[in-house]
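> with the input below, show me the fold.
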Amino acid sequence: MIENGIPTVQSPYACKRLTVWQQFAISCYWFGSNVLWGAMLVMLLPEAAQSITAHNAAKLPPVPESESLRYWLYGILTDKAKAVGVMGSCVAIVSMVVPLVVGAMSDRCASRWGRRRPYIAFGTVVTLMAVAGMAAAVNQSRFWEFLACYCLAAFGNNIATAAYSGVIPDLVPDDQRGIASGYMAMMSNAGTLAGAFASGFLLAASTFLAYGFVIASLALFAAVTLAGIKEIPLSCKPAPIRWSQHIRSLWIDPRKHPDFAWVWITRFLVMLGFYSIQPYINYYLHDVVGIRDPRTATPILLGLILVGATVSGMYGGALSERTGRKKVVYASNVVMALTSLALIFPRSLPAVLALGIVFGIGYGAYVSVDWALGTDVLPSKEHSGKDMAVWHISMTLPQSITPLIAGYWLLNAFATKRYISASGELTVQYAVQGYALVFAMAAFFFVLGAVLLKNVKKAR
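Next up is the predicted model:
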């Protein structure tokens, strides 16, 4: 059977239960990819921004505010929160556009290796080369080179993950998608934990060791997925993509597919909340909690968050099969919202760590159901790559919005303190009020995401 020029997808796992090894192999790439982003977003990017902007602030002469464009560029080059915000927004644009193209291309891939694996392999190779370039750029304090390699890493990783996102809809039987989503959440959280922990401790020894760990992990776990999953090649060559028609098809009419639209919106809101906080945890521990060197404390905090997330993620997907997806999301969003508000008040690391565990329980439960809920409401299985790419925008678009709001405006809305640290570097400290605004904004998005999910009718 052919739908819109694409033959019907055949799964080698149809009509049988997936084994633990098969579930592991299918989900393994999530571990490697999340090692990359756990290390990058939690430790490597904030540390690179701190190092490069401190170097630039010591070398570049001040620019008067009247010279608006030069003043804006000077702020990016010398203020770490602004640098993180701009870099996050640039990468998010890449992450938003690439899947829209690659998802459709992988749907039509007639390779004997399958629809998804050729793109996973190519995207991974590009990512590995780009991460090596980032290591060289940060070592030489070159902001624009670092940003270019960072965007290239996102380009390669999104080629891989855009195709990879179609693996669960392609291969996993409907009655095992909740379990597969739980495996995905577990591997994602474990990868993020490993990436943040290892990079945090390795950075103290060597920048190249930290980046080298990321490269080795991504290569290894990509290889496990590529070798471990099976795909049946398409039975005939699909019709070529008509790009004008494809661009029009990216609009999934909410009147025809209202459940997909509401799931997209609610995920968008939850990710707005998450990415309001996540890029600045490193700075929050230093500025608000008073941790002198957050390179050690940040991985511990993230570790406890992800311990909670891994535990709830292991059971959340299976629980959703019995109680319904929406109930799990309601509970998890409320937990994340209350914890975000609570983070405004602690001034000690133990209190923050305790809240981190609670936040992690909510976040892990949400992620475990999130993927299953998305696959439940896909408009078309044959176009799952393209549809999952549209759904993926609900995660990447917030990354281009909230870093600018939180980092460029809210954290800089109150007076900042600039001083020379004990190591001789220029350090920027942001006011508590700025962090309070960021956490309150995140809580609002979490609650709104839960409220609007009630509009999804066909999912339990």
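
> burial count for Leu319?
19 (other CB atoms under 10 Å). All C-beta spots, glycine's among them, are computed from the backbone N, C-alpha and C.

> can you map out the helices along the stretch 251-400 of the chain?
258-277, 281-284, 294-323, 325-342, 349-376, 384-403 (DSSP state H, counting those that start in this stretch).

> in the fourth one, which residues are buried?
Read it as helix 325-342. In terms of neighbour count (16 or more other CB atoms under 10 Å), helix 325-342 has its buried residues at 325-326, 328-333, 335-342.

> I would like the residues contacting that helix, please.
Residues external to helix 325-342 that are found in contact with it (CB atoms under 8 Å, 6 or more residues apart in numbering): 266, 270, 273-274, 277, 312, 316, 319-320, 355, 358-359, 361-366, 368-370, 372-373, 376, 439-440, 442-444, 446-447, 449-450, 453-454, 456, 459-460.

> contacts only, for Thr396.
92, 95-96, 99.

> of the residues you listed - the most surrounded one?
Pro99 (27 neighbours).

> got the angle between whatever helix or strand that one lives in and helix 384-403?
In this assignment (DSSP states H and E), Pro99 forms part of helix 80-107. Orientation check (axes from the mean of the first three to the mean of the last three CA atoms, to 10 degrees): helix 80-107 against helix 384-403 gives 170 degrees.

> quick one: mean pLDDT for helix 80-107?
Mean pLDDT, helix 80-107: 86.

> for it, buried residues please.
80-96, 98-107.

> which elements pack onto it?
In terms of contacts (3 or more CB pairs under 8 Å, 6 or more residues apart in numbering; DSSP states H and E), helix 80-107 is packed against helix 45-59, helix 68-78, helix 117-139, helix 143-164, helix 384-403.

> could I get the ones you listed as CSV with distance to Leu250?
Listed next are the helices and strands packed on helix 80-107 as CSV, based on distance: least, CB to CB, whole Å:
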stretch, distance to Leu250
helix 45-59, 29
helix 68-78, 31
helix 117-139, 18
helix 143-164, 13
helix 384-403, 6
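
> so which of these is nearest Trp262?
Trp262 lies closest, by CB to CB, to one member of these: helix 384-403, at 11.0 Å.

> how far out from the middle of the chain is the closest one?
In terms of CA atoms, centre = their mean, to the nearest Å, the centre of helix 384-403 is set 10 Å apart from its chain centre.

> swap in stretch 188-203?
Using CA atoms, centre = their mean, the offset of stretch 188-203 from its chain centre is 14 Å.

> give me the outermost residue of the chain relative to its centroid.
Distance from the C-alpha centroid of the chain peaks at Ser66, with 37.0 Å (CA atoms, centre = their mean).

> closest one to Trp37 among the helices of the stretch 251-400 of the chain?
It is, among the helices of the stretch 251-400 of the chain and with distance given as CB to CB, helix 384-403, at 10.4 Å.

> okay, that closest one in PDB with CA atoms only?
Coordinates of each C-alpha in helix 384-403 appear next as PDB, following Å, rounded to 0.1, in the frame of the first residue of the first chain:
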ATOM      1  CA  SER A 384       5.800   9.800  11.100                       C
ATOM      2  CA  GLY A 385       9.200  11.300  10.400                       C
ATOM      3  CA  LYS A 386       7.700  14.600   9.100                       C
ATOM      4  CA  ASP A 387       5.000  14.700  11.800                       C
ATOM      5  CA  MET A 388       7.400  14.000  14.600                       C
ATOM      6  CA  ALA A 389       9.600  16.800  13.200                       C
ATOM      7  CA  VAL A 390       6.700  19.200  13.500                       C
ATOM      8  CA  TRP A 391       6.000  17.900  17.000                       C
ATOM      9  CA  HIS A 392       9.800  18.300  17.800                       C
ATOM     10  CA  ILE A 393       9.400  22.100  17.200                       C
ATOM     11  CA  SER A 394       7.400  22.200  20.400                       C
ATOM     12  CA  MET A 395      10.700  21.400  22.200                       C
ATOM     13  CA  THR A 396      13.200  23.400  20.100                       C
ATOM     14  CA  LEU A 397      11.200  26.600  19.600                       C
ATOM     15  CA  PRO A 398      11.100  27.400  23.400                       C
ATOM     16  CA  GLN A 399      14.900  27.100  23.400                       C
ATOM     17  CA  SER A 400      15.100  30.100  21.000                       C
ATOM     18  CA  ILE A 401      12.700  32.100  23.100                       C
ATOM     19  CA  THR A 402      13.300  31.600  26.800                       C
ATOM     20  CA  PRO A 403      17.100  32.000  26.900                       C
END
